[in-house]
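# All I have is the shape, not the residue letters:
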């Protein structure tokens, strides 16, 4: 499913060069749990930030989510992560959040 | 018969075997948040004694201690309130009291446990003995910065509505007298109560400045301060909200972690004016005074969370930058300040350093450790 979603993004002609390599994926997975988890909970069930489980994000798409990840949500506590993430990283995280089943 | 009487007399006269007894004053608990467990540690031995498991989702977990320093009440993200016995290392009782909790406090008489919840937003109060619910106070907002104030009171701020609520359980624990202060400011993200129980200071995320509530005044007096600090939107991204429990009154000044600035703000406690700013390595999370108040130790949000900076209270200068390792989430000083324990989450260990020479004294293995809590917290107001 994750691969399919990424493939669709690729086919859509976006600027994604290639998905992060395995080592970077591990770092990103860790970052989601630990750093996103500061506000959204280790299990993504919400905290100061809203829940971001796959269920809670149902209906959102990768482009939309990755732009929130990169640029944040003005007027809320959600910061833009662009200084720490590439666009490919953000798309990978968006896909991970949408498809992750835990 | 004679023999029995003799043996009975002997039993009465013999004190319990000292080896079977121990005090808890040098014990502590370390939250292993991924594993949902607590590590029981012995500060004198600089060693782990054992583990208590089965506490659920411990994201952002915190805990408070009973007055006898034997039991801890643990507040989990999944709404779990768990009472553990640190001597037998067992769960005594556990209730899931809300959907999403953020922290809690214990009343000054040790009888009531208050839990601050994000979902449903408000505070629930429990009997410390049985964990039966005593009171439920919906607040229509996520709650932050709950603290115990003298006289069976709890103080809490509301993220969505910018209020401070004071719950006074002294007359009737089940029907707290409620004082609600509105217009505290936009999006309080945390708060602290000074150790004397007087000043409740609220950090604001949604607008400039901070707010002090003076609980010695009747009615409590609300004062905005540092009106030029911060913006409607922070200058720099905040990848982890500062924690204000560490905000410290040191030598008549507050050392406050700025939000959205890589700075420590020094504020005169008397007139609430800014004295100085210290440039730091990143977004500060905790700014803790060493117990002698001579230095303030600061840790940071990602991506600078491998560092600790030590700041001199007299000169306001950074005197040392330490790099214990990746993911330094929390620091806890020994009650008299001789050593400091630091959790290094991504390296699965707790590092122990001399708080004066900064020399490494020991290390304890722990599973992705976050909060460290020594039992002396049982006797401190506002934690």
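Structure received. Please read all numbers here as calculations on a predicted model, not as lab measurements. Numbers count the residues shown, from 1 in each chain, chains lettered A, B, ... in the order given.
# wait, does whichever helix or strand residue A:94 is part of contact chain B?
Element membership for residue A:94 (DSSP states H and E) is helix A:87-99. No: Helix A:87-99 does not reach chain B (C-beta under 8 Å from any C-beta of the partner chain); its nearest approach is 13.3 Å. Any C-beta I mention is one placed from the backbone N, CA and C, and that applies to glycine too.
# Counting by contacts, list what that helix packs against.
The contact analysis (3 or more C-beta pairs under 8 Å, 6 or more residues apart in numbering or on different chains; DSSP states H and E) places helix A:87-99 against helix A:2-11, helix A:22-31, helix A:62-71.
# ok, residues contacting the last one?
Residues from elsewhere that reach helix A:62-71, judged by C-beta atoms under 8 Å, 6 or more residues apart in numbering or on different chains: A:5, A:9, A:14, A:57, A:78, A:80-82, A:85, A:87, A:90-91, A:93-95, A:97-98.
# what angle sits between that helix and helix A:87-99?
120 degrees (axes from the mean of the first three to the mean of the last three C-alpha atoms, to 10 degrees).
# Buried ones in helix A:62-71, by neighbour count?
For helix A:62-71, burial by neighbour count (16 or more other C-beta atoms under 10 Å in any protein chain shown) applies to A:62, A:65, A:66, A:67, A:68, A:69, A:70.
# still on that earlier bit, pick out the shakiest of the helices and strands packed on helix A:87-99, pLDDT-wise.
When these are compared on mean pLDDT, helix A:2-11 scores lowest, with a mean of 48.
# residue contacts, the residue of chain B found nearest chain A?
Residue nearest to chain A within chain B: residue B:237 (3.5 Å; C-beta to the nearest C-beta). Contacts for residue B:237 (C-beta under 8 Å, 6+ apart) come out as A:72, A:79, A:80, A:81, A:83, B:260.
# check which helix or strand covers the last one.
Element membership for residue B:260 (DSSP H and E) is empty, with no helix or strand holding it.
# How many neighbouring residues does it have?
By other C-beta atoms under 10 Å in any protein chain shown, 18 other residues sit near residue B:260.
# The fourth one too?
Counted with other C-beta under 10 Å, residues neighbouring residue A:81 total 22.
# Quick check, it in contact with residue A:90.
Yes: with contact defined as C-beta atoms under 8 Å, residue A:81 reaches residue A:90; the gap is 7.0 Å.
# Farthest-apart pair in the contacts of residue B:237, please.
Pairwise distances across these (C-beta to C-beta) peak at 15.2 Å, for the pair A:81 and B:260.
# Any stretches of the chain with poor pLDDT?
With no chain named, the answer covers chain A. Across chain A, the stretches falling below the confidence threshold (pLDDT under 70) are A:1-17, A:101-102.
# nope, chain B please
B:1-19, B:230-234, B:246-251.
# try it again with 50
Within chain B, not a single segment meets pLDDT under 50.
# how about the helices in chain B?
All helices of chain B, identified by DSSP state H, fall at B:2-13.
# Next to chain A, which bits of it? Give me the list.
Counting by C-beta under 8 Å from any C-beta, chain B sits next to chain A at B:33-34, B:57-60, B:77-78, B:100, B:102, B:118-119, B:142, B:144, B:159, B:187, B:189, B:205, B:233-234, B:237-241, B:302-303, B:327, B:345-346.
# again, only using 6 Å
B:57, B:59, B:77, B:100, B:205, B:237, B:238, B:239, B:240, B:302, B:303 (C-beta under 6 Å from any C-beta of the partner chain).
# Would you agree the third one is in contact with residue B:56?
No: taking contacts as C-beta atoms under 6 Å, residue B:77 lies outside contact range of residue B:56: 7.9 Å.
# These two: who's more crowded?
residue B:77 (24 against 17).
# Let me see the backbone angles for that one.
Per-residue torsions, residue B:77: phi -60, psi -30 (degrees, to the nearest 10).
# now do the one 10 residues further on
Geometry field for residue B:87 lists phi and psi as phi -80, psi -50, criterion degrees, to the nearest 10.
# and the nearest residue to it once chain neighbours are set aside, how many neighbours?
Residue nearest to residue B:87 in three dimensions, not counting chain neighbours: residue B:70, with 5.8 Å by C-beta to C-beta, 6 or more residues apart in numbering or on different chains. Residues lying near residue B:70 (other C-beta under 10 Å) number 18.
# Can you read off the backbone torsions of residue B:70?
Phi and psi for residue B:70, reported as degrees, to the nearest 10, are phi -100, psi -40.
# re the thing from before, buried ones among the contacts of helix A:62-71?
Counted by 16+ other C-beta under 10 Å, the contacts of helix A:62-71 give A:5, A:9, A:57, A:78, A:80-81, A:85, A:87, A:90-91, A:93-95, A:97-98 as buried.
# I'd guessed residue B:289 sits against residue B:298; true?
No: using C-beta under 6 Å as the test, residue B:289 is too far from residue B:298 to be in contact (10.6 Å).
# Looking at these two, which has the bigger crowd around it?
Set residue B:289 next to residue B:298 and count neighbours by other C-beta under 10 Å: residue B:298 wins out with 27 against 23.
# interface residues of chain A facing chain B?
By C-beta under 6 Å from any C-beta, the residues of chain A that approach chain B are A:35, A:37, A:38, A:41, A:42, A:43, A:46, A:77, A:79, A:80, A:84.
# what sits against the fifth one?
Taking C-beta atoms under 6 Å, 6 or more residues apart in numbering or on different chains as the definition of contact, the neighbours of residue A:42 are A:33, B:59.
# To what extent is the residue in chain A that chain B sits nearest to buried, counted in neighbours?
Of all residues in chain A, residue A:79 sits closest to chain B, at 3.5 Å by C-beta to the nearest C-beta. Counted with other C-beta under 10 Å, the neighbours of residue A:79 add up to 22.
# any idea what sits nearest it, other than its immediate chain neighbours?
Per C-beta to C-beta, 6+ apart, closest to residue A:79 is residue B:237, 3.5 Å.
# same deal with residue B:347?
residue B:325 (4.5 Å).
# Now that the one you found has come up, it's in contact with residue B:344, right?
Yes: using C-beta under 6 Å, residue B:325 is in contact with residue B:344, at 4.0 Å.
# more neighbours, these two?
Neighbours were counted for residue B:325 and for residue B:344 using other C-beta under 10 Å; residue B:344 has more, 22 against 18.
# Pairing partners for that one in the sheet, please.
Here residue B:344 sits in beta bridges with residue B:328, residue B:349, going by DSSP bridges.
# What's the separation between it and residue B:356?
Separation of residue B:344 from residue B:356 (C-beta to C-beta, to the nearest Å): 20 Å.
# ok, now residue B:324?
16 Å.
# the more surrounded of those two?
For residue B:324 versus residue B:356, the count of surrounding residues by other C-beta under 10 Å is larger for residue B:324: 22 against 14.
# Could I get the contacting residues of residue 74?
Looking at chain A here, since you left the chain open. No contacts exist for residue A:74 under C-beta under 6 Å, 6+ apart.
# Not quite, go with chain B.
Taking C-beta under 6 Å, 6+ apart as the test, what residue B:74 contacts is B:55, B:63, B:82.
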